[in-house]
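generate a structure from the sequence data that follows.
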Amino acid sequence: TLSHDDTGSGDSDGILDPGETADLTLTLSNTGHAAVSNLTGLLTTANPNLTIVNGTFPVASLAAGASTSLVYTVTADAATPLGTSVNLTASATAGEYSATGAYEVIIGIMPVYLMHTGTITVCNGAFYDTGGPNSAYSNNENLTLTVLPKVQGDKVKVTFSMVNLESYDKLQVFDGQNATATLLATISGTNAPNPIVATNGSGALTFKFTSDGSTTKDGWAATFGCVTPIPSYSVSFAVVDANAAPIAGAWVALTGHGSRRTNTQGIAIFPEIDAVQGLAYTVTNSGYQAASGTVDVVDSDVTVEVMLNITGAPVNLSDGVRVYPNPFGPQLTLEGVAHVRQVEVISLIGQRVLLMESHGGETLTLPTDHLQPGVYMIRLTGEHGMQSLIKVVKQ
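All right, here's what the predicted structure looks like:
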């Protein structure tokens, strides 16, 4: 005989579930008239849905008329459909004597639940009205059933394959552990939304069924399942200008997640982003150069800091500016300064020794005859306060 025990590393429900490891025990009897020694038990299967961890079981001796247990550890593949039949072949050999037997194991026998008032904990099962799969429900029923997920953090899912309710009878589905939770669906007639999945923290669904005093129909047939939520994270964009001032109203486009505008603090937030690498974004705002890049979302919320530069302004104010001669003498010439509004000459002790305004010309000549020999910094200031420094030497 063959028996099944999943109390060691399974869920102790007496069913070999997909993904579960359990012990299969075969009872081997010696019906002969003499003892046998050096017995070897062997269990095999050709079905890939079941792995036999220890297929060989040795027995030192077995007396005439005695029996012993051969215990084999097996693991059912996690992707095995419920109700899958697995054929096993068992053999026992002792010298010139041998015996074989054929057995069957069902992986994931689906439990059946009828509508009633109470609470059940499941992650798979068939769900019917009070009449079960072959009969109608009754008049004047008023039942409330709460279904909790077997694994904490999972969400209960129900999928209807058949609904046939009298028009005044109804099945309501609530997103929580009681009938005061958010109503997800009211089912009557022959239509039901599929699937219905819990979104609340407990992962529970509550079903409330009421029937009136006349006319009943077939009811419903459905299956329970559980959904393991995929972790998601938020991606925030902090958009500023060259002076680190927040830019409100900028558009942030995130591939696959639409576009959002920054608030008064320059922040745009995209919630519920699945883990991904290289997610592309583009940030635009009138009067500024667009900025693009990618962001990696791994295992936590992410904040991306983006700086936008004024349209027509270089990323660095000194880019494209030519200063000559350097070292300089009585005058110093700057070319490429059309975007510069103010030029200062600063000594190494921080004293401003020369200030000139620029009015959009490409070239600006500074009179430097009065400066003492030494090292100075040229500070360029552009529109909106952008600044940059260039080191020069007076000979």
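
which neighbouring elements make contact with whatever helix or strand residue 38 lives in?
If you go by DSSP states H and E, residue 38 is part of strand 36-44. Where contact means 3 or more C-beta pairs under 8 Å, 6 or more residues apart in numbering; DSSP states H and E, strand 36-44 is packed against strand 21-29, strand 56-62, strand 67-76, strand 84-94. From N, CA and C alone the C-beta is placed, and that goes for glycine too.

is the closest residue to residue 129 other than its chain neighbours in a bridge, and if so with what?
In this structure, residue 129 finds its nearest non-sequential neighbour in residue 219, 2.9 Å apart by C-beta to C-beta, 6 or more residues apart in numbering. With DSSP bridges as the criterion, residue 219 is bridged to residue 164.

I'd say residue 219 and residue 164 touch.
Yes - using C-beta atoms under 8 Å, residue 219 is in contact with residue 164, at 6.6 Å.

please name the residues that touch the residue nearest to residue 129.
115, 128, 129, 130, 131, 136, 137, 164, 165 (C-beta atoms under 8 Å, 6 or more residues apart in numbering).

again, only this time at 10 Å
Remark: with contacts taken as C-beta atoms under 10 Å, 6 or more residues apart in numbering, residue 219 is in contact with 114-115, 128-133, 135-138, 162-166, 169, 171, 209, 211.

burial measure for residue 378, as a count.
21 (other C-beta atoms under 10 Å).

how close does residue 352 sit to residue 154?
68 Å (C-beta to C-beta, to the nearest Å).

looking at the two now, which is surrounded by more residues?
residue 154 (17 against 11).

any idea of the pLDDT on the nearest residue to residue 355 once chain neighbours are set aside?
Computed as C-beta to C-beta, 6+ apart, the closest residue to residue 355 that is not its neighbour in sequence is residue 344, at 5.3 Å. Note on residue 344: pLDDT of 93.

quick check: buried residues in the strand or helix carrying residue 344?
Here residue 344 sits within strand 340-347, counting by DSSP H and E. Across strand 340-347, burial judged by 16 or more other C-beta atoms under 10 Å covers 340, 341, 343, 344, 345, 346.

need the residues touching each of residue 219 and residue 164.
In contact with both residue 219 and residue 164: 129, 136, using C-beta under 10 Å, 6+ apart.

tell me the buried residues in stretch 201-211?
Buried residues in stretch 201-211 (16+ other C-beta under 10 Å): 202, 203, 204, 205, 206, 207, 208, 209, 211.

now do that stretch: distance to the chain's middle.
Put simply, stretch 201-211 sits 25 Å off its chain's centre (C-alpha atoms, centre = their mean, to the nearest Å).

now the helices for the stretch 101-250 of the chain?
Under the criterion DSSP state H, counting those that start in this stretch, the stretch 101-250 of the chain carries no helices.

just the CA trace of stretch 66-85, in CSV.
The C-alpha trace of stretch 66-85 is given here as CSV (Å, rounded to 0.1, in the frame of the first residue of the first chain):
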residue,chain,number,x,y,z
ALA,A,66,6.4,-9.7,8.4
SER,A,67,6.0,-6.2,6.9
THR,A,68,8.2,-3.1,6.7
SER,A,69,7.9,0.5,5.5
LEU,A,70,9.8,1.8,2.5
VAL,A,71,10.0,5.6,2.8
TYR,A,72,10.8,7.7,-0.3
THR,A,73,11.1,11.5,-0.4
VAL,A,74,9.6,13.1,-3.4
THR,A,75,9.2,16.7,-4.7
ALA,A,76,6.4,17.9,-6.9
ASP,A,77,7.3,20.5,-9.6
ALA,A,78,6.0,24.0,-8.7
ALA,A,79,4.4,24.4,-12.1
THR,A,80,2.4,21.2,-12.0
PRO,A,81,-1.3,21.7,-12.8
LEU,A,82,-3.6,20.8,-10.0
GLY,A,83,-5.0,17.3,-10.3
THR,A,84,-2.1,15.9,-12.3
SER,A,85,-1.8,12.1,-12.1
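
go ahead and confirm residue 294 touches residue 281.
Yes - counting by C-beta atoms under 10 Å, residue 294 does reach residue 281; the two are 7.1 Å apart.

which one of these two is surrounded by more residues?
Taking other C-beta under 10 Å, residue 294 and residue 281 do not tie; residue 281 has more neighbours (21 against 12).

so for this structure, the centremost residue is which one?
For the chain, residue 230 is the residue whose C-alpha lies nearest the centre (C-alpha atoms, centre = their mean; 2.2 Å).

that one is in contact with residue 274, isn't it?
Yes - the criterion here is C-beta under 10 Å, and residue 230 meets it with residue 274 at 5.8 Å.

what's the average pLDDT for the strand holding residue 38?
92.

downstream of it, the next helix or strand is which one?
strand 50-52.

given that following strand, what are its sheet partners and their directions?
strand 67-76 (antiparallel).

quick one: the strand it pairs with to strand 21-29, angle?
150 degrees (axes from the mean of the first three to the mean of the last three C-alpha atoms, to 10 degrees).

can you mark which positions in strand 67-76 are buried?
For strand 67-76, using 16+ other C-beta under 10 Å, the buried residues are 68, 70, 72, 74, 75, 76.

can you check stretch 31-45 too?
Buried residues in stretch 31-45 (16+ other C-beta under 10 Å): 36, 39, 41, 42, 43, 45.

would you agree the first one is in contact with residue 65?
It refers to residue 36. No - contact criterion C-beta under 10 Å: residue 36 and residue 65 do not qualify, at 11.6 Å.

relative to residue 236, how far out is the nearest residue to residue 250 once chain neighbours are set aside?
Of all residues not flanking residue 250 in the chain, residue 285 sits nearest, at 3.9 Å (C-beta to C-beta, 6+ apart). According to C-beta to C-beta, residue 285 stands 17 Å off from residue 236.
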